[in-house]
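1. Generate coordinates for the sequence data below:
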Amino acid sequence: MSSRANRISQAMGTCWLALALLGGVVVDASETGGEAAEPPLPPAEAPPAEDGAAGSLTAAQAQAVIYDRVTVVGSESELARLPGSAHVLTRADLEKQAYSDIHRILRQVPGINIQEEDGFGLRPNIGIRGTGVERSQKITLLEDGVLIAPAPYAAPAAYYAPTAGRMEGVEVRKGSAAVTQGPYTLGGAVNLISKSIPGERGGELEVMAGDHGTWKLDGTYGASYERVGFLVETYQQRTDGFKELDGGGSTGFELADYLGKLRFSSAPGARRHQQLEIKAGRTEQDGRETYLGLTAADFAATPLRRYAGSQEDRIDTEHEQIQLRYFVVVSDRLDWTTTVYRNDFFRNWHKNESVLGVSNRSVLEDPLTYAAELAVLRGEVDSPDDALAVRNNRRDYYSQGVQSVVSFQPRGAWAGHSLRFGMRLHEDEEDRFQEDDLFAMRGGRMVLTSAGAPGSNANRVGDAEALALFAEDRVEIGKWTLTPGLRYETVDLARRDWAAADPQRAGDPRERRNEIDVLVPGLGASYELRPQWHVFAGVHRGFSPPGPSSTEEVEPEESVNYEAGTRYRKGAASAELTAFFNDYDNLLGADTLSGGGTGTGDLFNGGAVDVYGLEAACGTELWRGARFAVPVRASYTYTRGEFRTSFETEFEDWAPAVARGDELPYMPEHQIFAEIGLVAPRWGVNLNGHYVSEMRTRAGRGVIAEGERIEDHVAWDLAARYRVGAGVELRLQVRNLFDEVYVASRRPYGLRPGLPRTALVGLAVDF
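-> Numbering: from 1, shown residues only. From the prediction side, this is the model:
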């Protein structure tokens, strides 16, 4: 183990010991229990921490301060003063449609690019302001302020993402997140906020069922007492799937998510308020999902079809997380929050990769040339032995670390300061041990003819050790708020490859190493035109770690990000308008299976790129009377990305060459979201729709070639509720209300459909 790894491990061990000792301070011989403490306010309504917070905080005040320290935006009231574009979706926002799909949730936020994949959002593909969307690997993805991708530095592709249906809030912060959130500062950060421990004893249970054999259950129970609080939750979801597999069979998934939280607080009136919260969770998923799509002709005829050649495709995953978070108010101007975390993730995805020695991508893009191979994929003809290669993509991941934030409000005569210092020690690893099993097609069924030798396709480990530090000062001078800051990241990346014939890893591996040190400065400013109206601007550096698979020829991915806008909020009315420009020195592309490549993980230089656009969001009430209200919301995103240099490349999305002025792929120019509700005391109806303009799937310009275009589409969702009694509601959800047939993606292999009309009905009970 390297000296840095030793330092990280020693630091983590020290923090674990410190937290154990602090737990003894928090929970002393005094009795716990008794009457319920003052219930904490919901995060969206929590008041911002005030300067001079004392050790005698109430439970609600403490929760508000902690919330501000571990989130990327803070409470809604903090939005006005932020020096950049940011959006908070509160619990009330999420409950309108009760989505379990993170893609559908984030459609509401301007500036987000999304590539759908399975129709359920299980493996999200999210980009912000022109970053690549594939597996969300170019954004900082968090749960409760903690990095949540399986291996955020070594292998950031988000094959695991938190279950969106169990969240009570979602935050998106763009350019101005660069200083406090990393390591991916090119576009911004998305933070999913799990349910809080309730202020008083109670629970919620929602059960729904409907089309395609789909059902879901979300159950939560918790309580807060004088010094102890807890929460337990399970989220279960199952479906037979909406695709129709040749020869029959399920194309759906089963998901089981379990979460628990336990909180200990210091005694009321203690000299220093302290709090220790333990969070533990486990998620299991068994999915019959594939990368194999359809030819254009087959999609036009039967868009929900799945070829017989995908019948062995299946993904099994297990994710475990544990977090210990300690918070203390050291003085009336100083508080400290520390989180120790560990995530373990295992996935095994069997995926059809090729037929008769030809890649699936080639077959589906040119079905006339490869008619014989397509007939085998369809199960129309029998094949020789070993005709179909199914990769056993077995991978283990872990990430662990400790992060701290210290908040300090010094006294000043002419300006108010709010200083924040942060540190993260982190290490993560991806272990690939995978092989190809070979099958024959016999009477429309796949038969195993040759089992692959374990580790014969990939037998390697990539790991990362990182130290991140940041300092930020929010300076208030009259109506001005200035926010200068600086982030420092130092990362050691390594990759070890063993021979295919060495499954025990007894021999010496071939090694690659990469060391990065980077400074990420930023400056933001906002000005209060009126109490409800602010203008803001900012400039921040964008950076993305290159990963352990990079070579000396690969340059770092860096940019300078500019934004300017205005924000208005008064009563139920709100609006935000932002212009942005991201000036990339070098854009990177990665060779991955999910992107239609070979899966080596190798990186490719894309050179200088300009990404610019406009984001707008607004909301108000068209009507509010004694019997009902009519809330409305809308958002719009204009994005354009262009290469500024010409070059030749082997990267699939750009190959074989890029010319100056070519547009980036998978980036729609226009996106629109609109929502209208009809809300009464006992019932409510919510209708929303999103529009995505056409986009290209390969770099280019002008009219998009037929085989490289994803058509524009509109999809509408409806939700309704009716309260039949105290704490009991009937609920209806309809996704894709008008059953729009559209192409969600052309990668990695062929055309894949979006979710067809799917209706669920059920019951929700508060107790």
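
2. Next one: the closest residue to residue 374 other than its chain neighbours relative to residue 750, how far apart?
-> Nearest non-adjacent residue to residue 374, counting by C-beta to C-beta, 6 or more residues apart in numbering: residue 367, 5.0 Å away. Using the backbone N, CA and C atoms, a C-beta is placed for each residue, glycine as well. With the distance defined as C-beta to C-beta, to the nearest Å, residue 367 ends up 9 Å from residue 750.

3. And for residue 546?
-> Between residue 546 and residue 750 the computed distance is 30 Å (C-beta to C-beta).

4. Between the two, tell me which one has more neighbours.
-> With neighbours defined as other C-beta atoms under 10 Å, residue 546 and residue 750 compare such that residue 750 has more, 25 against 20.

5. Identify the residues contacting the nearest residue to that one once chain neighbours are set aside.
-> With C-beta to C-beta, 6+ apart as the measure, residue 293 is the residue that lies nearest to residue 750, at 2.9 Å, once sequence neighbours are left out. Taking C-beta atoms under 8 Å, 6 or more residues apart in numbering as the contact definition, residue 293 lies against 299, 364, 745-746, 749-752.

6. Next step: these restricted to helices.
-> Among the contacts of residue 293, DSSP state H puts 299, 364 in helices.

7. Can you tell me which of the contacts of residue 293 is nearest residue 476?
-> For the contacts of residue 293, the residue nearest residue 476 by C-beta to C-beta is residue 745; the value is 46.1 Å.

8. Surely that closest one touches residue 117?
-> Yes. The pair formed by residue 745 and residue 117 meets the contact definition of C-beta atoms under 8 Å, at 6.1 Å.

9. which residues do those two both contact?
-> If you check residue 745 and residue 117 against C-beta under 8 Å, 6+ apart, the residues they both contact are residue 752.

10. tell me the helices in the stretch 201-350 of the chain, going along the chain?
-> Counting by DSSP state H, counting those that start in this stretch, residue ranges of the helices within the stretch 201-350 of the chain are 296-301.

11. Contacts only, for residue 731.
-> With contacts defined as C-beta under 8 Å, 6+ apart, the neighbours of residue 731 are 98, 206, 208, 719-721, 761-764.

12. one more time with 10 Å
-> 95, 98, 206-208, 719-722, 760-764 (C-beta atoms under 10 Å, 6 or more residues apart in numbering).

13. do residue 611 as well
-> By C-beta under 10 Å, 6+ apart, the residues touching residue 611 are 129-131, 186-187, 559, 561, 580-584, 587, 639-642, 664, 667.

14. What is the neighbour count of residue 508?
-> Residues within reach of residue 508, counting by other C-beta under 10 Å, total 10.

15. coming back round to it: whichever of the contacts of residue 731 end up buried, select them in PyMOL.
-> Entered in PyMOL, the line below selects the buried ones among the contacts of residue 731, by 16 or more other C-beta atoms under 10 Å:
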select buried, resi 95+98+206+207+208+719+720+721+760+762+764
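
16. Nearest to residue 527 among the contacts of residue 731?
-> Nearest to residue 527 among these: residue 95, at 34.6 Å, using C-beta to C-beta.

17. before we move on, the earlier item: same list (the contacts of residue 731) but as CSV, adding pLDDT, distance to residue 175 and secondary structure.
-> Converted to CSV, these look like this (pLDDT from 0 to 100; distance: C-beta to C-beta, whole Å; DSSP: H, G, I helix; E, B strand; the rest coil):
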residue, pLDDT, distance to residue 175, secondary structure
95, 94, 30, helix
98, 93, 31, coil
206, 97, 37, strand
207, 98, 42, strand
208, 98, 38, strand
719, 98, 33, strand
720, 98, 38, strand
721, 97, 37, strand
722, 97, 43, strand
760, 98, 38, strand
761, 98, 42, strand
762, 97, 40, strand
763, 97, 43, strand
764, 97, 38, strand
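
18. out of the contacts of residue 731, who's nearest residue 305?
-> For residue 305, the nearest member of the contacts of residue 731 is residue 760. The distance, counting by C-beta to C-beta, is 23.9 Å.

19. these two touch, right, that closest one and residue 735?
-> Yes. Here residue 760 reaches residue 735: they are 8.3 Å apart, a contact under C-beta atoms under 10 Å.

20. And the helices in this protein?
-> Counting by DSSP H, residue ranges of the helices within the chain are 3-26, 59-70, 91-95, 102-106, 296-301, 360-365, 371-377.

21. Go through the ones you listed and find the least confident stretch.
-> Ranked by mean pLDDT, these end with helix 3-26 at the bottom, a mean of 44.

22. and the contacts of residue 731 as a markdown table, adding distance to residue 516?
-> As requested, the contacts of residue 731 are arranged in a markdown table below (distance: C-beta to C-beta, whole Å):
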| residue | distance to residue 516 |
| --- | --- |
| 95 | 42 |
| 98 | 42 |
| 206 | 45 |
| 207 | 49 |
| 208 | 47 |
| 719 | 45 |
| 720 | 51 |
| 721 | 50 |
| 722 | 56 |
| 760 | 46 |
| 761 | 52 |
| 762 | 49 |
| 763 | 52 |
| 764 | 48 |
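
23. between the contacts of residue 731, which is nearest residue 566?
-> Distance from residue 566 was checked for each of those by C-beta to C-beta. The minimum falls on residue 95, at 29.1 Å.

24. rewinding a little: I only care about the contacts of residue 611 that end up buried; give me the ChimeraX line for that.
-> If you want just the buried ones from those in ChimeraX, going by 16+ other C-beta under 10 Å, the selection is:
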select :129,130,131,186,187,559,561,580,581,582,583,584,587,639,641,642,664,667
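
25. Counting only strands, which of the contacts of residue 611 make the cut?
-> Judged by DSSP state E, strands contain the following of these: 559, 561, 580-584, 639-642.

26. Go ahead and confirm residue 674 touches residue 691.
-> Yes. Contact criterion C-beta under 10 Å: residue 674 and residue 691 qualify, at 8.3 Å.

27. Are there residues contacting both of these two? Which ones?
-> 636, 714.

28. show me where the stretch 301-450 of the chain has strands.
-> Assigned by DSSP state E, counting those that start in this stretch, the stretch 301-450 of the chain shows strands spanning 305-306, 314-331, 334-355, 358-359, 388-408, 416-442, 445-450.

29. I'd like to know which elements the second one is packed against.
-> Taking 3 or more C-beta pairs under 10 Å, 6 or more residues apart in numbering; DSSP states H and E as contact, the helices and strands that strand 314-331 lies on are helix 3-26, helix 59-70, strand 146-147, strand 253-265, strand 274-287, strand 334-355, strand 388-408.

30. ok, and which of those has the densest surroundings?
-> Looking across these with neighbours counted as mean count of other C-beta atoms under 10 Å, the highest average goes to strand 146-147: a mean of 24.

31. Packing partners of it?
-> When contacts are defined as 3+ C-beta pairs under 10 Å, 6+ apart, strand 146-147 packs onto strand 314-331, strand 334-355, strand 388-408, strand 416-442.

32. Please repeat the previous calculation with a cut-off of 6 Å.
-> Using 3 or more C-beta pairs under 6 Å, 6 or more residues apart in numbering; DSSP states H and E as the contact test, no helix or strand touches strand 146-147.

33. hmm, who's touching that strand?
-> Contacts made with strand 146-147 from outside it, assessed by C-beta atoms under 6 Å, 6 or more residues apart in numbering, are listed as residue 341.

34. Residue 283 is in contact with residue 319, isn't it?
-> Yes. A contact is recorded between residue 283 and residue 319 when judged using C-beta atoms under 6 Å, the distance being 4.4 Å.

35. residue contacts, residue 198?
-> The contact partners of residue 198, taken as C-beta under 6 Å, 6+ apart, are residue 222.

36. any idea how far it is from residue 168?
-> 11 Å.

37. What's opposite the most centrally placed residue in the chain in the beta bridge?
-> Here the mean C-alpha position of the chain is nearest to the C-alpha of residue 141 (C-alpha atoms, centre = their mean), at a distance of 4.6 Å. When bridges are called by DSSP bridges, residue 141 pairs up with residue 190.

38. can you give me the strands for the stretch 651-767 of the chain?
-> In the stretch 651-767 of the chain, the segments counted as strands under DSSP E, counting those that start in this stretch are 657-658, 670-679, 683-692, 695-696, 709-710, 713-725, 728-735, 743-745, 752-753, 758-766.
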